[in-house]
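Visitor: quick one, structure for this:
(chains A, B and C)
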Amino acid sequence: MNTFEKIYEVVKKIPKGKVATYGQVASLAGNKRWARVVGYALHSNPDPQNIPCYRVVTRDGKPSQAFVFGGVNEQINLLKEDGIEIIDGVVDMKKYQWDTPMHYSFFS
DNA sequence: GGTCTGACGAAAG
DNA sequence: GCTTTCGCCAGAC
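Guide: Numbering: from 1, shown residues only, chains lettered A, B, ... in the order given. I've put the predicted structure just below:
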């Protein structure tokens, strides 16, 4: 399993109603330093239907600037559909961040 | 086929 | 506490 596939597996496992940060996904995928790669992996996004990239946000709980794939509102709307509250385009990470232990890895 | 660059993030200065 | 640097991988040039 290559790096991208690991990342995709993690992203696909983000539960509904939760969001995860790039760094968190990277960490879960095996190495937190992959944050950048996570972003690029999502950029490739070979399987948008199974890869909810809108649930992946920066550590601030905001979608990245370059995220706009039709308007940031679209992502916000999708997140709200999951029951996630968006305040001024920012997710309340305390409430909605995927509560997975940072040390845990799907691919130990 | 080597180099540059990009949806990030954390540590160092 | 803000700015800079480095780490990581894949695709474009």
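Visitor: hmm, which helix or strand of chain A has the shakiest average pLDDT?
Guide: One helix or strand of chain A scores below all others by mean pLDDT, DSSP states H and E: helix A:72-81, with a mean of 86.
Visitor: the very next helix or strand once past it pairs with which strands, parallel or anti?
Guide: Once the chain leaves helix A:72-81, the next helix or strand it forms, by DSSP states H and E, is strand A:86-87. According to DSSP bridges, strand A:86-87 has the following sheet partners: strand A:90-91 (antiparallel).
Visitor: so the strand it pairs with, near DNA strand B or not?
Guide: No. On the criterion C-beta under 7 Å from any atom of the strand, strand A:90-91 is out of touch with DNA strand B, staying 11.9 Å away. No exception for glycine: its C-beta is placed from N, CA and C like everyone else's.
Visitor: give me the residues contacting that strand.
Guide: Here strand A:90-91 makes contact (C-beta atoms under 8 Å, 6 or more residues apart in numbering) with A:Val19, A:Val57, A:Asp60, A:Gly61, A:Lys62, A:Leu79, A:Ile84, A:Glu85, A:Gln97.
Visitor: dump those into JSON lines; add neighbour count and distance to DNA strand C as well.
Guide: What follows is these, written out as JSON lines (neighbours: other C-beta atoms under 10 Å; distance: C-beta to the nearest atom of the strand, whole Å):
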{"residue": "A:Val19", "neighbour count": "25", "distance to DNA strand C": "19"}
{"residue": "A:Val57", "neighbour count": "25", "distance to DNA strand C": "16"}
{"residue": "A:Asp60", "neighbour count": "12", "distance to DNA strand C": "12"}
{"residue": "A:Gly61", "neighbour count": "20", "distance to DNA strand C": "17"}
{"residue": "A:Lys62", "neighbour count": "17", "distance to DNA strand C": "16"}
{"residue": "A:Leu79", "neighbour count": "21", "distance to DNA strand C": "24"}
{"residue": "A:Ile84", "neighbour count": "21", "distance to DNA strand C": "25"}
{"residue": "A:Glu85", "neighbour count": "11", "distance to DNA strand C": "25"}
{"residue": "A:Gln97", "neighbour count": "17", "distance to DNA strand C": "19"}
